[in-house]
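Student: give me coordinates for this.
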Amino acid sequence: MKKVHFIAVGGSAMHNLAIALHRKGYEVTGSDDEIFEPSRTRLEKEGILPKEFGWHPEVLDDSYEAVILGMHARIDNPELVRAQELGLKIYSYPEYLYEQSKDKIRIVIGGSHGKTTITSMILHVMKQAGIETDFMVGAQLEGFDVMVRLSETAKYMVIEGDEYLTSPIDRVPKFHKYHPHIAVISGIGWDHVNVFPTFDCYLEQFRIFVNTIEKGGCLIYDGNDPEAAKIAKDATVPTYGYEIHPYRTDGDDTILIMPNGKEEKVQIFGEHNMKNINAARYVAKQVGISDEQFYEAIKTFKGAARRLELLFENKAKGNLVFRDFAHAPSKVLATVKALREQYANKNLLVVFELHTYSSLSEVFIDHYAHCLDNCDKAVVFYDPHAVAIKKLEMMTDERIVKGFQRSDLQVVHSKDELVKLLESLKRENMVGGFMSSGDFNGLTTEDLKGLYNN
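Tutor: Next up is the predicted model:
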């Protein structure tokens, strides 16, 4: 039995990889200084939740085949130091994913936005087509109980290719480690300014990604994105640019217009999702899935968790509430546009939380200019605690309003302040879009139901 240890096992990707290896028959141990839900319950259910929190270097010995290091760990982590002293093989999780899939055909979806949804679409379509697939995806999907699957038998490995750093001892983007046969760039918009201080530095990571494509592979890219198109032009592999899939809206429905002129209703909406559909369709062609098979499968795709996810609907009051993971300017803009287009006759409220390092930084705030223009009411949630954790300087409310270039923008700083504001607003014939990579200081679905169902 192969034996592996996870340092910082509680992370979103890390705990899913731990579960995947446990199910593959590995002996899995792990540690962390704190583990939140849903990681804690999932690890406990599999019987691999650490007995106590903290770092325990004494558990490591030379019987371990590998130690997998999470980005959350520090370079002086006592377990990492112990593993180095013992000469154990230390991997970041992307390195270990490659190790597990180096004999498979790897499909890697990169890009600043849309990659989770495109990865999810590809997995949904391949599953419907009966193609066994290993995978790593960054969100919970309907029909999949974990976000990582590893097997001895699958021919393909589908990976969401994050451009953030690999580990504290290997500070390069994760997607540089996967060496795809089929690569996707879904679009490029500057993000992670704490790591990539200039846009060109950020772009360079995508140039390197394209250079990691295996000989005989290909690149599929957003043909409407000028930066992606420039990078594709210099690629040494075949390239395929995609555009927005033809569609129309009919009341609350979105209908795809297929190449043969026929139409098919789908369960997702928004121009950016129509582009995501085409990206997934181009990948499907590369693995032998026909358009007919693709459209039959995609009509049942409901989306990934926290990607324009409908939390609830109150038909009597005409209210719908969505949540979305959008945090980068391009994502915020696309989500607001999608909600406005789909619900043109409803009052659109958007609440956006500044939560990531980039979004909380005054250096970056002006990139959000006009992102919230296309809604009736715009609110920004700015939590001083999040600013303190990331060791940044507080911005004034006036500076945030100036950054978004919307004079009637309201800024709130706590869950209680947000709830009080929402209570003061008209709550009929309304669509609410709550956008964050955090949780608005603990605002729950039940809190929102209480507001919009009563």
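
Student: any low-confidence regions in the stretch 101-250 of the chain?
Tutor: Scanning the stretch 101-250 of the chain for pLDDT under 70 picks out no residues.

Student: ok, which stretches of it are helices?
Tutor: 115-128, 199-211, 226-233 (DSSP state H, counting those that start in this stretch).

Student: which other residues reach the second one?
Tutor: Think helix 199-211. 110, 161, 163, 173, 175-176, 183, 185, 188, 190-192, 196, 219, 227-228, 231-232, 234-237 (C-beta atoms under 8 Å, 6 or more residues apart in numbering). In short, each C-beta sits where N, CA and C put it, glycine included.

Student: residue 224: neighbour count?
Tutor: Using other C-beta atoms under 10 Å, residue 224 has 13 other residues around it.

Student: any idea how far it is from residue 248?
Tutor: The spacing between residue 224 and residue 248, counted by C-beta to C-beta, to the nearest Å, is 19 Å.

Student: next: residue 39.
Tutor: Counting by C-beta to C-beta, the gap from residue 39 to residue 248 is 41 Å.

Student: which one of those two is surrounded by more residues?
Tutor: Taking neighbours as other C-beta under 10 Å, residue 39 and residue 248 compare with residue 39 leading, 20 against 10.

Student: which one is residue 104 nearest to, not counting chain neighbours?
Tutor: Excluding the flanking residues, the one nearest residue 104 by C-beta to C-beta, 6 or more residues apart in numbering is residue 157, at 4.4 Å.

Student: swap in residue 390?
Tutor: residue 357 (5.2 Å).

Student: what pLDDT is listed against that neighbour?
Tutor: Note on residue 357: pLDDT of 81.

Student: check what contacts stretch 372-381 and list those residues.
Tutor: Looking at what lies outside stretch 372-381 - C-beta under 8 Å, 6+ apart - the contacts are 332, 336-337, 339-340, 347-354, 400, 404-406, 408-413, 418, 421, 425, 433, 436, 440-441.

Student: ugh, wrong one, stretch 110-118
Tutor: For stretch 110-118, using C-beta under 8 Å, 6+ apart, the contacting residues are 109, 137-139, 160-163, 175, 183-191, 206, 209, 222, 228, 272-273, 275-276, 279-280, 283, 303-304, 307, 325, 328, 330-331, 334.

Student: can you tell me the element residue 82 falls in?
Tutor: helix 78-86 (DSSP states H and E).

Student: kindly report the same for residue 370.
Tutor: Residue 370 belongs to no helix or strand, assigned by DSSP H and E.

Student: doesn't residue 407 make contact with it?
Tutor: No. Using C-beta atoms under 8 Å, residue 370 is not in contact with residue 407; the gap is 12.0 Å.

Student: following element in sequence after the helix or strand hosting residue 282, please.
Tutor: Secondary structure from DSSP H and E places residue 282 in helix 271-286. Proceeding N to C from helix 271-286, the next assigned helix or strand is helix 291-298, under DSSP H and E.

Student: tell me the buried residues in that next one?
Tutor: Neighbour counts using 16 or more other C-beta atoms under 10 Å place 293-295, 297-298 of helix 291-298 among the buried residues.

Student: tell me which of these is nearest to residue 62?
Tutor: Distance to residue 62 across the buried residues of helix 291-298 (C-beta to C-beta) is lowest for residue 297, with 47.4 Å.

Student: thought the closest one was touching residue 128?
Tutor: Yes. At 3.6 Å, residue 297 and residue 128 qualify as touching, with contact defined as C-beta under 8 Å.

Student: what residues are up against the residue nearest to residue 380 when sequence neighbours are not counted?
Tutor: Leaving out its chain neighbours, the residue that sits closest to residue 380 by C-beta to C-beta, 6+ apart is residue 411, at 5.0 Å. Contact partners of residue 411, counting by C-beta under 8 Å, 6+ apart, are 379-382, 397, 400-401.

Student: of these, which belong to strands?
Tutor: Taking DSSP state E, the ones among these that sit in strands are 379-382.

Student: please render these as a markdown table that adds distance to residue 64 and neighbour count to the earlier fields.
Tutor: Shown next, in a markdown table, are the ones in strands among the contacts of residue 411 (distance: C-beta to C-beta, whole Å; neighbours: other C-beta atoms under 10 Å):
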| residue | distance to residue 64 | neighbour count |
| --- | --- | --- |
| 379 | 49 | 21 |
| 380 | 46 | 24 |
| 381 | 43 | 26 |
| 382 | 44 | 21 |
